[in-house]
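Q: Give me the fold of what follows.
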Amino acid sequence: MASRTLQLLAAPIVVLIILAGPSPADAKGCIKGAVVGGVAGHVAGHHAVAGAVAGCVVGHHIAKQQAKQRLQQQEQQQNQQQVKPQPPAVHDPAATTV
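A: Numbering: from 1, shown residues only. Sure thing, here's the model as predicted:
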């Protein structure tokens, strides 16, 4: 019984260590997705490792989309700040003819 519990705990931990070790800069979203996917895979039929891998892929994809959206929002804010209002036109009564 104890060895079975150890196996169930060891597999997701090993996956997390492997995923987090090589390049933490590229792992945005991966670790959170791996944890969620590992738990879901385990509950769905003892496929914790496959769930962790799939969760990592999906989590990384979602993090990449969110980063792209943040970048676009920052660019829009910068563009709005750069647009300067033009001074109002001065009405010249001598220029109008009746």
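Q: Next secondary structure after the helix or strand bottoming out on mean pLDDT in the chain?
A: Lowest mean confidence among the helices and strands of the chain (mean pLDDT, DSSP states H and E): helix 2-20, at a mean of 66. Next helix or strand after helix 2-20 toward the C-terminus (DSSP states H and E): helix 30-45.
Q: What helices and strands are in contact with whatever helix or strand His60 lives in?
A: In this assignment (DSSP H and E), His60 forms part of helix 48-82. In terms of contacts (3 or more CB pairs under 8 Å, 6 or more residues apart in numbering; DSSP states H and E), helix 48-82 is packed against helix 2-20, helix 30-45. Bear in mind the C-beta positions are built from the backbone N, C-alpha and C, glycine included.
Q: Just want the angle from that helix to helix 30-45.
A: Angle between the axes of helix 48-82 and helix 30-45 is 140 degrees (criterion: axes from the mean of the first three to the mean of the last three CA atoms, to 10 degrees).
Q: Pull out the buried residues from helix 48-82.
A: By neighbour count on 16 or more other CB atoms under 10 Å, the buried set for helix 48-82 is 48-49, 51-56, 58-60, 63.
Q: Make TSV out of those residues and add distance to Gln82.
A: Listed next are these as TSV, based on distance: CB to CB, whole Å:
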residue	distance to Gln82
Ala48	50
Val49	50
Gly51	46
Ala52	45
Val53	44
Ala54	43
Gly55	41
Cys56	39
Val58	37
Gly59	35
His60	33
Ala63	29
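Q: ok, these vs Gln78, which is closest?
A: Ala63 (22.7 Å; CB to CB).
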